[in-house]
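Student: sharing a model that was predicted from the sequence below.
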Amino acid sequence: MSQNFGNYEMVPSQEWSRNDHSLPPVRIDPAAMEHQKAYDLASLDADWYPVLRNKLEPRKRSVASGGQTRLSFDDQPDFSRPTTPPTRPSIDDEIDGRGTFDAEELIKELKSMHRSELENQLGLSWNKVREIIRRSDLNRDGKVEYREFLITLRNYRLNTEQDSTLKSLVRAFAYAEEFTCTPVKWFMIAITLLETAFFTYHSIHLTTQHGIPVTWDGPVPFCSVLIYNPNRRWEAWRFVTYMFIHIGISHFIFNMIMQILVGVFLEMQQEGYAGSFRVMLVYFSGVLAGSLGTSLSDPDTYIAGASGGCYALIAAHLATLALNWQEDSAIKIKKIIHRPLTRIVRILFISFLTIHDVALAIYFRVVLKEESRTGFMGHFCGALAGLLVGVFILDNRRYARNAHLLDLCLKK
């Protein structure tokens, strides 16, 4: 028995009226359809099944037989049962029949992939691999259902990429999707605690031994063996140790808040154990450049504070933007940190600090014709050092990707 199906034509909207028994034509936005398609299970399956094909195992289920329970491998998807007439299996049936995979084995496989390959092609954040797989393991037995993995991944991407405008603005400052605390990021916390300890010691020492109370904006501990003293330049350690000396409570609080807000997130953005050492080099390069620059431009000036290191960290953010701008634009999963708004906010923040310092320096030198206690040259030299050093030592994902591909070619 043959069936003939007529040719359907879309009815123009102006020809449809309330007297028609047919439904009006549905207008479909191609862009909206394409956007929604990126999040359905079929699209995710097309990306992930080639990666997981060799790692999928048939599901095991208990089967009662003759009063005994035995394990049976359910390696046939639901659509394999004979039907009359036979029907073509749907993509949902195919996904449901894929089976399971070992969680730790997949984590090792994905961690061996390069970051750009994982994020650009598969749409999974480098730092979220373990978390997504852990959430997919519903019964915590180390075996993950392929379908549950795709559902968890879809929900993660929907929550990450479809935030409201308000959430996007808030998370743009938090960098929530880009950073990780593993391996432990230790440098910025350690240097902040060390500087806090020195400030506490000097505050107690000045108050108890010399009767000089520490106020909001003073005093200057000229007698300290750590402060940069222009009359004792041969004591080379002073070019670095001046960062442990702060002039008053406001100076200390501002530097600590600045370096925590800027430095911790920069350190978390770097990959691996070497990331903390990269940020350490950037920080100390700013400290050293700040003292050297000030000693040349204002040779009779004492220097105290960690502002040179703070401005180096700020400029290093600009270096990471420049290094990875193309990589961030091409990334498949549009995390908060990679949105144009976030990059614009970071650039505006750096520009504001730069313009603010330059304007204050001009105001004090030209308008008021007096010296300011703020070391503007130290800020400028610290930022310049952070930018130049950061370009060479901070993570460059394009270079790392090319090196990874070259390594794979050599192994073959």
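Tutor: Sure thing, it's come through.
Student: export the helix or strand hosting Ala359 as PDB, just CAs?
Tutor: For Ala359, the host element (DSSP states H and E) is helix 340-362. Listed next in PDB are the C-alpha coordinates belonging to helix 340-362 (Å, rounded to 0.1, in the frame of the first residue of the first chain):
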ATOM      1  CA  PRO A 340      33.800  42.000  25.100                       C
ATOM      2  CA  LEU A 341      32.200  43.900  28.100                       C
ATOM      3  CA  THR A 342      34.700  42.300  30.500                       C
ATOM      4  CA  ARG A 343      37.700  43.200  28.400                       C
ATOM      5  CA  ILE A 344      36.400  46.700  28.000                       C
ATOM      6  CA  VAL A 345      36.000  47.000  31.700                       C
ATOM      7  CA  ARG A 346      39.500  45.800  32.400                       C
ATOM      8  CA  ILE A 347      41.000  48.300  29.800                       C
ATOM      9  CA  LEU A 348      38.900  51.100  31.200                       C
ATOM     10  CA  PHE A 349      40.100  50.300  34.700                       C
ATOM     11  CA  ILE A 350      43.800  50.400  33.700                       C
ATOM     12  CA  SER A 351      43.200  53.500  31.600                       C
ATOM     13  CA  PHE A 352      41.500  55.300  34.600                       C
ATOM     14  CA  LEU A 353      44.400  54.600  36.900                       C
ATOM     15  CA  THR A 354      46.900  55.700  34.300                       C
ATOM     16  CA  ILE A 355      45.100  59.000  33.600                       C
ATOM     17  CA  HIS A 356      44.500  59.600  37.300                       C
ATOM     18  CA  ASP A 357      48.200  59.300  38.100                       C
ATOM     19  CA  VAL A 358      49.300  61.400  35.200                       C
ATOM     20  CA  ALA A 359      46.800  64.100  36.000                       C
ATOM     21  CA  LEU A 360      47.800  64.200  39.700                       C
ATOM     22  CA  ALA A 361      51.500  64.400  38.800                       C
ATOM     23  CA  ILE A 362      50.900  67.300  36.400                       C
END
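Student: what are the buried residues along that helix?
Tutor: By neighbour count on 16 or more other C-beta atoms under 10 Å, the buried set for helix 340-362 is 342-343, 346, 349-350, 353-354, 357, 361. C-beta here means a position set from N, CA and C on the backbone, and glycine is covered the same way.
Student: dump the residues you listed to a markdown table, plus pLDDT and distance to Phe199.
Tutor: Output for the buried residues of helix 340-362, formatted as a markdown table (pLDDT from 0 to 100; distance: C-beta to C-beta, whole Å):
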| residue | pLDDT | distance to Phe199 |
| --- | --- | --- |
| Thr342 | 64 | 33 |
| Arg343 | 70 | 35 |
| Arg346 | 73 | 29 |
| Phe349 | 77 | 26 |
| Ile350 | 76 | 27 |
| Leu353 | 75 | 23 |
| Thr354 | 74 | 27 |
| Asp357 | 74 | 23 |
| Ala361 | 72 | 26 |
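Student: same for the helix holding Ala359, what does it pack against?
Tutor: helix 165-174, helix 307-330, helix 376-393 (3 or more C-beta pairs under 8 Å, 6 or more residues apart in numbering; DSSP states H and E).
Student: quick one: that helix to helix 376-393, angle?
Tutor: 150 degrees (axes from the mean of the first three to the mean of the last three C-alpha atoms, to 10 degrees).
Student: SS state for Phe101?
Tutor: strand (DSSP: H, G, I helix; E, B strand; the rest coil).
Student: give the burial count for the residue nearest to it when sequence neighbours are not counted, as a bare number.
Tutor: Spatial nearest neighbour of Phe101, excluding adjacent residues (C-beta to C-beta, 6 or more residues apart in numbering): Lys55 at 4.6 Å. Counted with other C-beta atoms under 10 Å, residues neighbouring Lys55 total 14.
Student: mind listing what Lys55 touches?
Tutor: By C-beta atoms under 8 Å, 6 or more residues apart in numbering, Lys55 lies in contact with 101-102, 105-106, 109.
Student: now Ala42: how far from Tyr201?
Tutor: 64 Å (C-beta to C-beta, to the nearest Å).
Student: nope, Gln209 is what I was after
Tutor: Per C-beta to C-beta, Gln209 is found 11 Å from Tyr201.
Student: again, but for Thr294
Tutor: 25 Å.
Student: neighbour-wise, which of the two wins?
Tutor: Using other C-beta under 10 Å as the criterion, Thr294 and Tyr201 rank with Thr294 on top: 26 against 11.
Student: wait, doesn't that one sit right on Phe380?
Tutor: No - with contact defined as C-beta atoms under 8 Å, Thr294 does not reach Phe380; the gap is 9.6 Å.
Student: quick one: Thr354 and Val282, what's the gap?
Tutor: On the measure of C-beta to C-beta, Thr354 and Val282 end up 17 Å apart.
Student: ok so, going back, in CSV: the helices and strands packed on helix 340-362, plus mean neighbour count, distance to Arg157 and mean pLDDT.
Tutor: Below are these laid out as CSV (neighbours: other C-beta atoms under 10 Å; distance: least, C-beta to C-beta, whole Å; pLDDT from 0 to 100):
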stretch, mean neighbour count, distance to Arg157, mean pLDDT
helix 165-174, 14, 15, 49
helix 307-330, 22, 17, 83
helix 376-393, 23, 31, 92
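Student: could the ones you listed be laid out in a markdown table, adding distance to Phe277?
Tutor: Supplementary listing: these in a markdown table, determined by distance: least, C-beta to C-beta, whole Å:
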| stretch | distance to Phe277 |
| --- | --- |
| helix 165-174 | 25 |
| helix 307-330 | 14 |
| helix 376-393 | 9 |
